[in-house]
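Student: Whatever this is, show me its structure:
(chains A, B, C and D)
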2 protein chains.
Amino acid sequence: MQIGELSERAGVSHRTIHYYERLGLVEPAEREGAGYRYYDETALKRLEKIAALKRLGLSLDEIAAVIDLYFEDASGIRGKERVLEILQAQLDKANAQLDELSAFKRDLENNIARMHGLIAQARQK
Amino acid sequence: MQIGELSERAGVSHRTIHYYERLGLVEPAEREGAGYRYYDETALKRLEKIAALKRLGLSLDEIAAVIDLYFEDASGIRGKERVLEILQAQLDKANAQLDELSAFKRDLENNIARMHGLIAQARQK
DNA sequence: CCTAAATCTACACCCAACGTCAGGTTTAGA
DNA sequence: TCTAAACCTGACGTTGGGTGTAGATTTAGG
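Tutor: The predicted model follows:
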């Protein structure tokens, strides 16, 4: 698949893919002859993973540091202790985020209930 | 309290406070005479709320749209339906984020377990 | 009363994460 | 074979969220 199809399927522009390539986030499976990039399905999966990690608030640099975990053969990963540290740090962050998000959600629900009350009251008069 | 103390207590630079002021996020309680800004405790609370909302991934513009909910008297809020819409949208977003975050956490925990296994195995040999 | 520390405004600059534009090359298909 | 559509690179522009700096003013404390 060429960059056009990949970008469409992944929902990002081809310039974004170029940019990600410079950061080491995705690579074409092949660049024969004159330089057209050809991708396989794993490229799509990488882009989807990148999007997911971005939604969690990771920067592209942070993503670059961990994305291979999701695609390398685990037995081949060098520096397993280091990898473990990174994962643990991310887990801690995720837990903190979960707590904060739950509290925020409760807050929102309270505010929504309050608003409903105020609106009903306003309508009645 | 002057901007120096506020910035120290809130953990942001005074330049950031100026910047937030331009965006309508915080205001000094008073600017007498020659223009020094004087703040009260609610300014600090606003800055803390802003930081919390940022951690949830809201942009400063989005924060500007909702922060008054936390400090205005609810009965005085204009456009309650609009406010309700915003809150509901944020709640939906929060729920989606919670789902994604939980899945990410499960992923992480699996990877961590796998890493522990691989490390134990490597040590044994 | 005087001076050092704090603050003021305004403009410039920074980084991340892209988008736009220009000019040139390549490829697929009629 | 030839042309339109897709692709390439490189340079520059943009937006969000700030930071740095300069030069002037103000204020608090000895």
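Student: Which residue is the nearest non-sequential neighbour of residue A:91?
Tutor: Using Cβ to Cβ, 6 or more residues apart in numbering or on different chains and skipping residues adjacent in sequence, the residue nearest residue A:91 is residue B:108, 4.6 Å away. C-beta: built from backbone N, CA, C; applies to glycine.
Student: got a list of what the one you found touches?
Tutor: A:87, A:90-91, A:94 (Cβ atoms under 8 Å, 6 or more residues apart in numbering or on different chains).
Student: how close does residue A:35 get to residue B:87?
Tutor: 50 Å (Cβ to Cβ, to the nearest Å).
Student: ok, now residue A:64?
Tutor: Counting by Cβ to Cβ, the gap from residue A:64 to residue B:87 is 36 Å.
Student: now swap in residue A:58 and tell me
Tutor: Taken as Cβ to Cβ, the span from residue A:58 to residue B:87 is 27 Å.
Student: what about the two, which has more around it?
Tutor: Taking other Cβ atoms under 10 Å in any protein chain shown, residue A:58 and residue B:87 do not tie; residue B:87 has more neighbours (21 against 18).
Student: If you drop the residues flanking it in sequence, what lies closest to whichever residue of chain A sits closest to DNA strand D?
Tutor: Distances between chain A and DNA strand D by Cβ to the nearest atom of the strand are smallest at residue A:4, namely 2.5 Å. Once flanking residues are discounted, residue A:4 sits nearest to residue A:14: 6.5 Å by Cβ to Cβ, 6+ apart.
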